[in-house]
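Enquirer: With the input below, show me the fold.
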Amino acid sequence: MNKKGKTNYIPRLKDYYIQQLRKSLMKQLGYKNIFQVPGIKKIVINVGVGEALNDPKIIELIQTDLAKITGQAPISTRAKRPISNFKIRKGMIIGLKVTLRGSRMYEFFDRFVNVTAPRIRDFRGFSRDSFDGRGSYNLGLTEQTIFPEIEYDKVKKVFGMDIAIVTSAKKDEDAIALLEGMGMPFTRKK
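Expert: Predicted coordinates:
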């Protein structure tokens with residue numbers, strides 16, 4: 001423990017990135033300074049709760065499952081303006097989101113890549129086409145039951161989620177090299 005009472009625990013993936021991956025990416029990408037090498041800034045998990053208009057208890061179910069998956073309590077996102085076609089009024093809860101940074105981010109990424117992704121049905125790797133042009137990667141999952149933290153028998157509501165992995169890379173090629181180096185399986189180039 002340090003002076004503030006916190007442990008000096010460093011996640012396995014963060015230690016690997018600092019000790020080995022950063023140096024190899026510096027050579028591979030041709031950077032002259034170690035601080036130019038891209039890294040993961042944050043991971044944002046977003047869930048839309050459109051069905052909550054009819055049953056507000058659904059939000060609580062999704063909140064507990066999302067907290068189990070990420071290890072952090074989600075915040076609710078609210079409608080900025082009314083949309084009459086969807087019966088949405090201004091200020092209604094329309095989604096939940098969790099932003100992971102630091103050690104929790106590395107732990108989640110490690111569990112997602114090594115434990116959760118292989119549990120996806122007919123999984124052959126993530127698409128290389130889901131980068132946004134600025135080094136961030138976005139993917140969608142159809143159900144939360146692939147996460148080992150969720151007990152399948154106790155699931156009352158199945159929901160999907162969007163996961164955004166935001167990196168400090170300026171180009172998609174650098175972000176691909178970073179995420180592949182951290183173990184993220186991508187589909188092969190055609």
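Enquirer: Dihedrals phi and psi, Ser136?
Expert: Reported as degrees, to the nearest 10, the phi and psi values for Ser136 are phi -100, psi 150.
Enquirer: go on, the one 3 residues further on?
Expert: Comment: the main-chain dihedrals of Leu139 come out as phi -140, psi 160, following degrees, to the nearest 10.
Enquirer: And Phe159, by the same measure?
Expert: Main-chain dihedrals, Phe159, degrees, to the nearest 10: phi -140, psi 160.
Enquirer: is it true that it touches Gln144?
Expert: Yes - Phe159 is in contact with Gln144 according to C-beta atoms under 8 Å; the separation is 5.9 Å. (Glycine included, C-beta is placed from N, CA and C.)
Enquirer: what touches both of the two?
Expert: Common contacts of Phe159 and Gln144 (C-beta atoms under 8 Å, 6 or more residues apart in numbering): Asp65.
Enquirer: Nearest residue to Arg119 in space, please, no chain neighbours.
Expert: Residue nearest to Arg119 in three dimensions, not counting chain neighbours: Ile146, with 4.6 Å by C-beta to C-beta, 6 or more residues apart in numbering.
Enquirer: could you measure the one you found against Gly30, distance?
Expert: According to C-beta to C-beta, to the nearest Å, Ile146 stands 37 Å off from Gly30.
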